[in-house]
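S.K.: okay, sequence plus prediction incoming.
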Amino acid sequence: QLELVESGGGSVQAGGSLRLSCAASRFPMDYYAIGWFRQVPGKKREGVSCISRSGDSANYADSVKGRFTISRDNAKKKVYLQMNGLKPEDTAVYYCAAGRGETELPPVEELYDYWGQGIQVTVSS
């Protein structure tokens, strides 16, 4: 069973940057498309971005396009989410998730088989 662990979260002021990492263990990561989701209390989990198995293609939520960049290093079994120009509305718990598929997956939770425990990102104004 694939295990995913997020790191790199924390607190930052608006306009700042953070880079989240998602590390995989127990199984090769390159069998899976990897996505990032986020959730604030009382709201449904929202898909942020997903990258294909090879890393050649990705999708982004409209709310983060032009500010966030997803990438992966399959040799290191890691996926990254570079977040620039952060806004207070980006505050959430961020999760990485793995789903089977050659290409990037839509932001639908049911398509993802494995999830990390989540990490807090807080952006202050």
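M.R.: Now that the structure is in, tell me what you want to look at.

S.K.: so where do the strands sit in this protein?
M.R.: 3-7, 10-13, 18-25, 32-39, 46-51, 58-60, 68-73, 78-83, 92-100, 114-115, 119-124 (DSSP state E).

S.K.: buried residues in the last one?
M.R.: Buried residues in strand 119-124, counting neighbours by 16 or more other C-beta atoms under 10 Å, are found at 119, 121, 122, 123. For every residue, glycine as well, the C-beta is placed using N, CA and C.

S.K.: for the residues you listed, please prepare TSV with the additional fields pLDDT.
M.R.: As requested, these are arranged in TSV below (pLDDT from 0 to 100):
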residue	pLDDT
119	98
121	98
122	98
123	98
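
S.K.: hang on, the earlier thing: need the strands of the chain in CSV (columns: distance to residue 107).
M.R.: As requested, the strands of the chain are exported to CSV (distance: least, C-beta to C-beta, whole Å):
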stretch, distance to residue 107
strand 3-7, 17
strand 10-13, 24
strand 18-25, 16
strand 32-39, 7
strand 46-51, 2
strand 58-60, 8
strand 68-73, 12
strand 78-83, 14
strand 92-100, 10
strand 114-115, 14
strand 119-124, 17
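
S.K.: just the pLDDT for the residue nearest the centre of the chain.
M.R.: Nearest residue to the geometric centre of the chain (C-alpha atoms, centre = their mean): residue 36, 2.3 Å. Note on residue 36: pLDDT of 98.

S.K.: ok, it touching residue 49?
M.R.: Yes - with contact defined as C-beta atoms under 8 Å, residue 36 reaches residue 49; the gap is 5.1 Å.

S.K.: between those two, which contacts overlap?
M.R.: Shared contacts of residue 36 and residue 49, defined by C-beta atoms under 8 Å, 6 or more residues apart in numbering, comprise 70, 81.

S.K.: for stretch 113-124, what is the distance to the chain centroid?
M.R.: 8 Å (C-alpha atoms, centre = their mean, to the nearest Å).
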